[in-house]
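>>> okay, predicted coordinates and the sequence, questions at the end:
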Amino acid sequence: MRKVIFVSFVVILLLGCSGRKTSSPSAGATPAPGTNPPSAGAVIEFVWDTLVPDVFASENHKYGFDKDPKSKFYPELAKDIYVSVKKGEAAKVSLQLSNSYNKHSLFNVTTQQMVVDCCTNKATELELSEGHYEIYGDNMPLDRHIHVIGYNEKTVPAEYVQFDAEDGLCFDEGCYSFEGVKENFDRVYSQAVTKNAFVERSHSDFSLNKILTFNLTAPIQGDELMKEFHDMVMHNINSEQNRIIFAINSIEWEWNVYVEQFDTLLLNNYLHANLESTHNVLISSCGVATQAQKSLLTVLGLDRKNQVAKVLIPNASSYSPCVSIKMESELPVLPTGIKILSETAFSKTAQVAYNYLSADNKVIRSMIYAPRFMGEHSLNVILHELGHSLGLFDVFKDETEGTYVYINGNEFATSEANIMTYTMPTGPKLRYRDLQAVITSTNNIIEDVYENQWNCINLSDCNPKR
């Protein structure tokens, strides 16, 4: 799968909070791919090479486990392993040790106590309390360390609103559901000992219809349509909740246009809608409450520079002079800025988190707009935007880590790929070790700025080191 190029954009938002205006200089965004091969949504297991000695997360460990993926190629990078755990509970790890020593021991650096003969030369399951440990072989330190980091369990509140197609059906693995998003949030953010406290809300609570509709009749520039929608949502919010998720399984596009001749029409902004060359549509007379007729739209030609499609819709002329056209997008994207890369390729912003910041750069409100994608990684992408709402930066995607792999020309994220990298597909990993921060929606590093993701999420300690 080809790399996806971001279309980044900047927004200036003001929010009154305790009489003090605060602003966010940017919105975190995720790009939409131009194509989605069937394998695009897959996340596959990362395969570790066996080092001796080595440490793995036990299958029974339900929190975070951070081992440098580069240690697969450079064993010396495996000397420090970080494990998160809820305070009062034990971390569960598996040790694979060497037969080069008669015995292995763990030295608890925190309590200055030696745990003698803890492990044989085969895989051994251990339960470790919070603290720092060093592995010994025949009473000699092996410069291998296990750091068990304890956190109080944190809950993240949010209001969840879901938009579906008219028939309410969505069959892909990437389709959103309230229970599915909650379950996957807990699956990923448990690495930082954090769980959801989401509540489901109705569309009407925000003065919105069940079907999310955007009118593309007039030519739009950049992000103006999305900004208008966001401003309308903000105007209608009557909630004190500081985190709102709009999970979008389907978007409806609408045009009100005049018939040219012989059932042909010109539609503005067609590429914004991420539609195919043929599409099922509903047509009716503009402004008339009559039952819509099903028809098939066929694209006859595209003016990519001006984002105009010449289309044929049988029977459209019977609604002359003005016909209303509605269609649902099978893979919805947001109507945000579009950048032409060539005559045949373009990219769009697909998901976005609008963050409102306090004077000390803490996120005090976040609005997340999340159209679905295909496969497991669709759920990882919405969790990426939730990461921004918790204060996380985008982080550098290091192609030398081996956390992304290519199979038959398609790119797959592995289970060790970080959830805050900027491209799709997206993996599920969160880390304790400092990660290089990048400019939002790019892979351009911010010099000397790093972030500990577990501490940012659980402790709100999100000021990267400089």
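Thanks, I have it.
>>> ok, now which ones touch the residue lying closest to residue 70 once chain neighbours are set aside?
Excluding its sequence neighbours, the residue lying closest to residue 70 (CB to CB, 6 or more residues apart in numbering) is residue 77, at 5.1 Å. Yep, even glycine has a C-beta here, placed from its N, CA and C like the rest. For residue 77, the contact set (CB atoms under 8 Å, 6 or more residues apart in numbering) comprises 68, 70-71.
>>> need those residues in CSV (columns: pLDDT).
Below are these laid out as CSV (pLDDT from 0 to 100):
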residue, pLDDT
68, 92
70, 89
71, 86
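>>> restricted to helices, list the residues you listed.
Among the contacts of residue 77, no member is found in helices (DSSP state H).
>>> any chance of the residues you listed in CSV, plus neighbour count?
Output for the contacts of residue 77, formatted as CSV (neighbours: other CB atoms under 10 Å):
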residue, neighbour count
68, 18
70, 16
71, 18
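>>> distance to residue 462 for those - can I get that in TSV?
As requested, the contacts of residue 77 are exported to TSV (distance: CB to CB, whole Å):
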residue	distance to residue 462
68	22
70	25
71	27
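>>> how many residues are close by residue 351?
Residue 351 has 27 neighbours, counted by other CB atoms under 10 Å.
>>> that one in helix, strand or coil?
strand (DSSP: H, G, I helix; E, B strand; the rest coil).
>>> start at 4 instead
In the new numbering, first residue 4, that becomes residue 354.
>>> tell me the confidence at it?
pLDDT, residue 354: 79.
>>> just residue 271 next, same as before
What the model reports for residue 271 is a pLDDT of 91.
>>> before we move on, back to that, got phi/psi on the residue nearest to residue 73?
When read as degrees, to the nearest 10, the backbone of residue 80 gives phi -80, psi 0.
>>> what about residue 434, distance to residue 420?
11 Å (CB to CB, to the nearest Å).
>>> nope, residue 320 is what I meant
Distance of residue 320 to residue 420, given as CB to CB: 52 Å.
>>> of the two, who's got more company?
Neighbour count, other CB under 10 Å: between residue 320 and residue 420, residue 420 has more, with 26 against 16.
>>> who are the neighbours in contact with the closest residue to that one other than its chain neighbours?
Sequence neighbours aside, residue 430 is the residue nearest to residue 420 in space, at 2.5 Å (criterion: CB to CB, 6+ apart). Applying CB under 8 Å, 6+ apart, we find residue 430 in contact with 46, 380, 383, 406-407, 416-422, 424.
>>> the residue lying farthest from the centre of the chain: what's it in contact with?
Within the chain, the residue lying farthest from the chain centre (CA atoms, centre = their mean) is residue 105, at 47.4 Å. Applying CB under 8 Å, 6+ apart to residue 105 gives the contacts residue 141.
>>> from residue 137, how far off is it?
Distance from residue 105 to residue 137, by CB to CB: 18 Å.
>>> equivalent analysis for residue 51, please.
For residue 51 relative to residue 137 (CB to CB), the value is 21 Å.
>>> tell me, what residue is most central in this protein?
By CA atoms, centre = their mean, the mean C-alpha position of the chain lies nearest to residue 384, the distance being 2.1 Å.
>>> looking only at pLDDT, what's the mean for the helix or strand hosting it?
Residue 384 belongs to helix 379-392 when assigned by DSSP states H and E. For helix 379-392, mean pLDDT rounds to 88.
>>> likewise stretch 396-415?
Average pLDDT, stretch 396-415: 87.
>>> likewise for stretch 361-370?
Rounded mean pLDDT across stretch 361-370 is 84.
>>> repeat that for stretch 428-446.
90.
>>> and the nearest residue to residue 90 once chain neighbours are set aside, helix, strand or coil?
The shortest distance from residue 90 to any non-neighbouring residue, by CB to CB, 6+ apart, is to residue 153 (4.4 Å). Using three-state DSSP, the structure places residue 153 in strand.
>>> so residue 238 lies in a strand, does it not?
No - counting by three-state DSSP, residue 238 falls outside a strand, being helix.
>>> residues near it, how many?
Around residue 238 there are 9 residues (other CB under 10 Å).
>>> then residue 371?
23.
>>> cool, the one 10 residues further on as well?
Residues contacting residue 381 under the criterion other CB under 10 Å number 28.
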